[in-house]
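Trainee: please find the sequence and the predicted model below.
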Amino acid sequence: MTHQEKRAWIMLVVSVASYAAYAAIILSRADGQPLPRIPYAEVLLWTVGSAIGASIVAETALGVVNPRASRLRDARDRQIGQLGDYVGSSFVVIGATAAMLMAMAGWDRFWIANVVYLCFFLSAVLGAVTKIIAYRKTFPQW
Amino acid sequence: MKPTRVTNSIRALRFASGEMTQAELAERIGVTRQTVIAIEQGRYSPSLEMAFLIAHVFKVPLDDVFHYPDHLEE
């Protein structure tokens, strides 16, 4: 497994774990009250920050566990990386468009922030899954 | 999107070149061993430049390394 494929796996696991933790905390705080009344901002920022920190720690740990592993990034790695980023970016656009429309329609900030966060999460997952499939299966030709 | 139609004889050429390992070939053309494996298994089509580099390593023409079907089925 190349270093870049390991990074894609880290991105997938960390993204899923951090979003699952966020959703679990928010839903546990609901207790029958409407979701927009739940204090979410602090939890959201902490889970995003923790996800970034966990990714850095996991990548550092990879280097410590196997210091002789190659970190070479070749043309195939770059092509797969670009494909994953291209596929994942679709959800960033969807999230931004949804947030813009929701703001114009006067939706609560809770929903706007959460739609943006959900789309960031889906973008990361879709991009990582695309990269992993491209590494494991055939790199698609157009 | 479709899988590549390019086939290759890299595995045979490696063995004909003193049983060169995938890692040795990868090092000589500046890619990861996983990329050599993917090319060898037809899961990845290399760039023209990478294809020439591989042919140069084995000191054979490009046609002896990579093959493309004469008649394409649509």
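Mentor: Thanks, I have it.
Trainee: ok, the closest residue to residue A:30 other than its chain neighbours - how many residues close by?
Mentor: Take residue A:30 and drop its neighbours on the chain: the residue closest to it by Cβ to Cβ, 6 or more residues apart in numbering or on different chains is residue A:38, 6.0 Å away. C-beta coordinates here come from the backbone N, C-alpha and C atoms, glycine included. A total of 17 residues lie near residue A:38 under the criterion other Cβ atoms under 10 Å in any protein chain shown.
Trainee: residue A:121 now?
Mentor: By other Cβ under 10 Å, the burial measure for residue A:121, its neighbour count, is 22.
Trainee: let me know whether it touches residue A:19 as I believe.
Mentor: Yes: Residue A:121 lies in contact with residue A:19 (Cβ atoms under 8 Å); the separation is 4.4 Å.
Trainee: do you know the pLDDT at residue B:3?
Mentor: Per-residue pLDDT puts residue B:3 at 64.
Trainee: what residues does chain A have near chain B?
Mentor: Residues of chain A that fall close to chain B, judged by Cβ under 8 Å from any Cβ of the partner chain: A:1-2, A:5, A:70, A:72, A:74-77, A:135, A:137-142.
Trainee: can you give me the neighbour number for the residue of chain A found nearest chain B?
Mentor: Of all residues in chain A, the one sitting closest to chain B is residue A:140 (3.6 Å; Cβ to the nearest Cβ). The tally of other residues near residue A:140 (other Cβ under 10 Å) stands at 13.
Trainee: so where's chain A shaky on pLDDT?
Mentor: A:141-142 (pLDDT under 70).
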